[in-house]
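Q: Predicted coordinates and the sequence they were generated for:
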Amino acid sequence: MRYRNRIKLAPGLNINLSKSGISTTIGPKGASLNIGKTGAYLNTGIPGTGLYNRTKISSSEKNAINNNSVSKNQTQVGVKLDLDENYQPVVEIYDNGGKNITSQQVINKLKRTPEYKENLKKIYNLYYNQIIEETKEFTELYKHILKPITKKEIQDKIEKLKPQKYTKKRFDILEPSKSSIEKELLIEAKSKFNSVLFWKNKKKRTQFITDNLEQTLKKSIENWKTQKENFENSELNKEKESNIEFLKAFEQKKENLLGNLNGAENYVINNFETVLKEIDIKPEFFIDFEYDEKTKTFFIDLDLPEIEHLPKETASILQSGKLSVKKKSEKQLKEEYAKCVTGLGLLVTGISFMSSAGIEKVDISAYTQRVDKKDGQIKDDYIYSIQLDRENFAKMNYQKIDPVNAFENFSHKMQLSKSYIFKTIEIEK
């Protein structure tokens, strides 16, 4: 029996701004810098969310800008530093009232300061990291693969699995004693008999305790026994109810582990869909899949992202410390696209094997949309197919592979030229 479904994986992750510390609050692209009387601050935030952070990056003594550098009127200024769409520095100087100071003399004086040069290099590095990370999010998908769990690991979990048991609480209130009741009656007697004729109080208090001791002790013990019985009955009920729930949880967990071990259809499909719906990667792709429980094989049709979705720019830091941003060559884009689509296939394979230790094979056919030169219509062109077995897949060091070369570990069909052009292949349906 086979199960078929189709899921769209939309881009869920753009740039992980927290890793690189770069984003945008002012300017067209990303980080900004404020230099004021309390020091230099790097402003970061996530566009469109309203989230904002301000981090001090240098001492106030070195970054204070006072009248000596800006005006004779002792006007304290602030500075905003950013890069424009061509990655060139843009400087804005403003006073405490928010008014821009446009004096070129002031701007030139600022640009000669060591603080300006130092923080401009930091801005360059932040943009560099952002540009590089944007590409890595497409080309290093395979680094997100987790090593598939083995049948032995599942069997070990089953053997160690035991239902939880409820531990009854002890009734920790002490049984009333003669001495404890005497102390309670004495407190009550002192409240009742507190005449200014103090010599009479002692006799009356002693008599009050004598008259009430036996009856009060008997009643207190009866109440204590009732309270103890109610508490213990309550704990017995809790033990019974809790152990029923613990047993249900145990049986469910055991059933899930057995489903994992045996590659049961419902378990596999639920797991696979859950992971796919939570996946958080940049490229958008579609997936059609069937699972054959008899052969323990996933059959996957992968609708790949297009090359147009990849970042078009690359960056480097020059010896001078300046940022250089250039358009990628066609060959570089095609090479990165090859890594993206093969890496995506490996990532989906990893998710498939994670769905169950009982899955033995994953069969992927991947296609992209191209214009048919015969009629000018867009059609699906298959560019690779690959059959991956669990054992060989688990042996790979996912952090160090080249995804294109990794296909050589498995039976596959892919015609990729030295200039990274995929030719259409024929696949068996």
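A: It's in.
Q: tell me the secondary structure for the nearest residue in space to Ile421 that is not next to it in sequence?
A: In this structure, Ile421 finds its nearest non-sequential neighbour in Lys334, 6.4 Å apart by Cβ to Cβ, 6 or more residues apart in numbering. Any C-beta I mention is one placed from the backbone N, CA and C, and that applies to glycine too. Three-state call for Lys334 (DSSP: H, G, I helix; E, B strand; the rest coil): helix.
Q: What of Pro176?
A: Per three-state DSSP, Pro176 ends up coil.
Q: Flag every buried residue along stretch 278-288.
A: For stretch 278-288, the neighbour count (16 or more other Cβ atoms under 10 Å) marks 279, 281-283, 285, 287 as buried.
Q: ok, back up a step: could you pull up the contacting residues of the residue nearest to Ile421?
A: Applying Cβ atoms under 8 Å, 6 or more residues apart in numbering to Lys334 gives the contacts 307, 419-421.
Q: 7 Å - rerun?
A: Taking Cβ atoms under 7 Å, 6 or more residues apart in numbering, we find Lys334 in contact with 419-421.
Q: any idea how far the biggest helix by length in the chain is from the chain center?
A: Criterion DSSP state H: the longest helix present in the chain is helix 198-262. Relative to the chain's own centre, helix 198-262 is displaced by 45 Å; criterion: Cα atoms, centre = their mean, to the nearest Å.
Q: pretty sure Asp82 contacts Gln88?
A: No. Taking Cβ atoms under 7 Å as the definition, Asp82 is not a contact partner of Gln88, at 9.9 Å.
Q: Any idea how many residues pack against Lys99?
A: By the criterion of other Cβ atoms under 10 Å, Lys99 has 11 neighbours.
Q: Pull up the gap between it and Leu110, please.
A: 16 Å (Cβ to Cβ, to the nearest Å).
Q: hmm, back to that, which pair in the buried residues of stretch 278-288 spans the largest distance?
A: Within the buried residues of stretch 278-288, Lys282 and Ile287 form the most distant pair, 15.9 Å apart (Cβ to Cβ).
Q: before we move on, back to that, and the contacts of Lys334, which is closest to Ser352?
A: For the contacts of Lys334, the nearest to Ser352 is Tyr420 (26.2 Å; Cβ to Cβ).
Q: Name the SS class of that closest one, please.
A: Under three-state DSSP, Tyr420 falls in the coil class.
Q: how about it, what does it touch?
A: Applying Cβ under 7 Å, 6+ apart to Tyr420 gives the contacts 331, 334-335, 338.
Q: rewinding a little: reformat the contacts of Lys334 as CSV; add pLDDT and distance to Gln319.
A: Formatted as CSV, these follow (pLDDT from 0 to 100; distance: Cβ to Cβ, whole Å):
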residue, pLDDT, distance to Gln319
Ser419, 94, 31
Tyr420, 95, 30
Ile421, 95, 35
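Q: and which of those residues is nearest to Lys238?
A: Tyr420 (66.2 Å).
Q: Which phi and psi values does the closest one adopt?
A: The phi/psi pair for Tyr420 (degrees, to the nearest 10) reads phi 60, psi 40.
Q: quick one: pLDDT of the nearest residue to it once chain neighbours are set aside?
A: Ranked by Cβ to Cβ, 6+ apart and with sequence neighbours excluded, the top spatial neighbour of Tyr420 is Lys334, at 3.8 Å. pLDDT for Lys334: 97.
Q: closest to Leu323 among the buried residues of stretch 278-288?
A: The closest of the buried residues of stretch 278-288 to Leu323 turns out to be Lys282 (Cβ to Cβ; 22.4 Å).
Q: And that closest one, how far from Asn125?
A: Distance, Lys282 to Asn125, using Cβ to Cβ: 22 Å.
Q: Assign the residue nearest the centre of the chain to helix, strand or coil.
A: For the chain, the residue nearest the mean C-alpha position is Asp280 (8.8 Å; Cα atoms, centre = their mean). For Asp280, the secondary structure call by three-state DSSP comes out as coil.
Q: Tell me which of Asp82 and Gln88 has more neighbours.
A: Each of Asp82 and Gln88 has its neighbours counted (other Cβ under 10 Å); Asp82 has more, 22 against 10.
Q: Confirm that the more buried one sits in a helix.
A: No. Applying three-state DSSP, one finds Asp82 to be strand, outside a helix.
Q: From Leu323, how far out is it?
A: For Asp82, the distance to Leu323 - Cβ to Cβ - is 12 Å.
Q: ok, now Arg370?
A: Taken as Cβ to Cβ, the span from Arg370 to Leu323 is 36 Å.
Q: more crowded one of those two?
A: Counted by other Cβ under 10 Å, Arg370 and Leu323 do not tie: Leu323 has more neighbours, with 22 against 15.
Q: quick one: contacts for the more buried one?
A: Shown in contact with Leu323 (Cβ under 7 Å, 6+ apart): 87, 124, 127-128, 315, 317.
Q: Looking at these, which is nearest Glu426?
A: Nearest to Glu426, judged by Cβ to Cβ, of the contacts of Leu323 is Ala315 at 40.2 Å.
Q: Now for that closest one, how many residues are close by?
A: Neighbours around Ala315, by other Cβ under 10 Å: 18.
Q: what do you get for Thr206?
A: If you count neighbours by other Cβ under 10 Å, Thr206 ends up with 13.
Q: any idea how this protein splits into domains?
A: 17-139, 156-254, 263-423 (automatic domain parsing).
Q: Tell me, please, where in this structure the pLDDT is lower than the cut-off.
A: 1-77, 429 (pLDDT under 70).
Q: how about the strands of it, start to end?
A: Per DSSP state E, the chain carries strands over the ranges 2-9, 32-36, 39-46, 51-58, 77-83, 89-95, 285-292, 297-303, 313-317, 323-327, 361-371, 378-389, 411-416, 422-423.
Q: Tyr116 touches Leu110, doesn't it?
A: Yes. Tyr116 lies in contact with Leu110 (Cβ under 7 Å); the separation is 5.6 Å.
Q: which neighbours do those two share?
A: With Cβ under 7 Å, 6+ apart as the test, Tyr116 and Leu110 reach no residue in common.
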